[in-house]
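[1] Structure for this input, please:
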Amino acid sequence: IYFTMASSPHTHAPNSRAALEKASEAYLLAGEQLPESITRVHIEHQGASFATNFHVPTGKGPFPLVVASQGSDQSKEMMFTYFEDYLAPRGIGLLSLDIPGMGGSAAYDLLDAQTEKLHIAAANWAKQQSQVKENAIFVQGSSFGGHAATRTFLQSDELDLAGVISVCGLVKSAFLAPPDVYA
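    Numbers count the residues shown, from 1 in each chain. Sure thing, here's the model as predicted:
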């Protein structure tokens with residue numbers, strides 16, 4: 001968590017990128033202490049790849065899975081306790097990713113306004129994994145990631161998702177308020 005906070009505001013500056021890489025290394029080392037499995041997976045999409053953390057609960061699978069991202073101020077490395085405390089005890093896996101342009105998804109940008117593109121690629125990848133219950137894949141996004149989760153739901157009938165979770169994702173009025181409101 002400290003390395004992730006040190007990388008904020010998640011620019012592509014060398015010190016920011018180095019801190020985020022340290023966060024990623026620490027995350028995987030901490031995962032080795034769990035009975036569950038956490039591995040780094042690179043998913044190919046549109047000529048590049050993005051890094052994810054694939055969390056698999058203990059027990060006999062296949063397992064339901066949540067494909068999840070945070071917002072622009074937090075990375076996939078902030079999801080350790082979410083998996084450990086809430087998902088793993090319920091036999092639910094997690095595939096965490098960064099939003100386009102940040103961290104493990106830095107090879108992508110949002111110039112095309114398709115915030116959901118990596119969530120869709122991640123869900124498609126997950127459907128091919130033997131540890132994942134194909135008809136029990138959920139997409140979740142928090143903050144700006146909630147925008148991506150909502151767009152995934154609205155534009156992806158072919159994914160046949162089990163559900164979408166948007167946490168603080170659509171706060172439209174705050175972004176449309178006049179400048180004097182913020183004073």
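
[2] Flag every buried residue along stretch 92-110.
    92-106, 108 (16 or more other Cβ atoms under 10 Å). In short, each C-beta sits where N, CA and C put it, glycine included.

[3] nope, stretch 12-31 is what I meant
    Buried residues in stretch 12-31, counted by 16+ other Cβ under 10 Å: 16, 19-20, 22-24, 26-27, 31.

[4] Where is pLDDT lowest across these?
    Taken together, the buried residues of stretch 12-31 show their lowest pLDDT at Ser16, with 85.

[5] Could you measure from it over to Thr4?
    11 Å (Cβ to Cβ, to the nearest Å).

[6] contacts for the longest helix anywhere in the chain?
    Determined from DSSP state H, the single longest helix within the chain is helix 14-31. Contact with helix 14-31 is made by 1, 3-4, 6-10, 37-40, 51, 53, 55, 75, 77, 80, 103-104, 106, as judged by Cβ atoms under 8 Å, 6 or more residues apart in numbering.

[7] Please pick the buried ones from those residues.
    3-4, 7, 10, 38, 51, 53, 55, 75, 77, 80, 103-104, 106.

[8] tell me the contacts of the nearest residue to Val167 once chain neighbours are set aside?
    In this structure, Val167 finds its nearest non-sequential neighbour in Ser142, 4.2 Å apart by Cβ to Cβ, 6 or more residues apart in numbering. By Cβ under 8 Å, 6+ apart, the residues touching Ser142 are 68-71, 74, 167-169.

[9] redo that, cut-off 6 Å
    Ser142 makes contact with 70-71, 167, according to Cβ atoms under 6 Å, 6 or more residues apart in numbering.
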